[in-house]
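Asker: coordinates only, sequence not included:
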């Protein structure tokens, strides 16, 4: 099993390529649009949803089969591809596209490879400031979803509110110090949030920030 280095990418307003127009490609496109990527798909045909997104101008659709030149910089009028997804119904073609991308220095996710290829996409849960991911190294995508849901179930609305408060307190503070998270949790901050005393929880967090900067 290959040991992977986990990373979160900022793809907002950056050009991403998806090769394929089926239901798998549609799912990958949705994930990219959620993070405000600029998406181009290459496919002779596409699902109704992808066609609708293209008609709305939410993505660009190049209606043709894949050629290796599209992964070259400026091949389709872009400066560079920041990320690529190979999602055709031909595993051999997907692997070839991923290889083409690698030769040009573009990280690519191979949707038909059990491990996702060079850039695996984990099961994701996004809520507010939280991005929770789970990956099983290609053991089974369903297992990754199961583990994500288990972890997600342990994180309640009080935890998300606590993250919001951390963001607020840090923005309001002149100090570069970070609050002692464990101290804040142990101080009963989460209990205050659960009881609806969010303002008091914020003051408790501020006290923890003050004590950590002493």
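Answerer: On my side now, so go ahead. Predicted model only: the values in this text are computed from it and were never measured. Residues are numbered from 1 along each chain as shown.
Asker: For stretch 104-114, which residues meet the burial criterion?
Answerer: Neighbour counts over stretch 104-114 (16 or more other C-beta atoms under 10 Å) mark 106, 107, 108, 109, 110, 111, 112, 113 as buried. For glycine as for every other residue, the C-beta is placed from the backbone atoms N, C-alpha and C.
Asker: what sits against residue 93?
Answerer: By C-beta atoms under 8 Å, 6 or more residues apart in numbering, the residues touching residue 93 are 66, 86.
Asker: Same question for residue 193.
Answerer: By C-beta under 8 Å, 6+ apart, the contact set of residue 193 is 158, 161, 162, 201.
Asker: does the first one count as helix, strand or coil?
Answerer: Residue 158 falls in the helix class when you classify it by DSSP: H, G, I helix; E, B strand; the rest coil.
Asker: so who does residue 26 touch?
Answerer: Applying C-beta under 8 Å, 6+ apart to residue 26 gives the contacts 46, 47, 49, 50.
Asker: in this structure, which spans are helices?
Answerer: Along the chain, counting by DSSP state H, helices occupy 23-34, 48-55, 91-103, 141-153, 157-172, 181-186, 189-194, 198-212.
Asker: So which bits of the last one are buried?
Answerer: It refers to helix 198-212. Quick answer for helix 198-212 (16+ other C-beta under 10 Å): 198, 201, 202, 204, 205, 206, 208, 209.
Asker: For the third one, which non-adjacent residue is closest in space?
Answerer: Spatial nearest neighbour of residue 202, excluding adjacent residues (C-beta to C-beta, 6 or more residues apart in numbering): residue 165 at 5.0 Å.
Asker: For that neighbour, the count of nearby residues, please.
Answerer: Burial of residue 165, expressed as a neighbour count using other C-beta atoms under 10 Å, amounts to 22.
Asker: I figured it hits residue 201, correct?
Answerer: Yes - Residue 165 is within contact range of residue 201, at 6.3 Å (criterion: C-beta atoms under 8 Å).
Asker: so where's the chain shaky on pLDDT?
Answerer: Applying pLDDT under 70 to the chain flags residues 1, 174-181, 211-214.
Asker: Swap in 80 and give it another go.
Answerer: 1-2, 73, 75, 141, 170, 173-186, 208-214 (pLDDT under 80).
Asker: so what are the domain limits for it?
Answerer: Under the assignment automatic domain parsing, the domains of the chain span 1-121, 157-212.
Asker: Export these to TSV and append columns for distance to residue 140.
Answerer: Output for the domains of the chain, formatted as TSV (distance: least, C-beta to C-beta, whole Å):
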stretch	distance to residue 140
domain 1-121	8
domain 157-212	28
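Asker: so which of the ones you listed gets nearest residue 128?
Answerer: domain 157-212 (4.8 Å; C-beta to C-beta).
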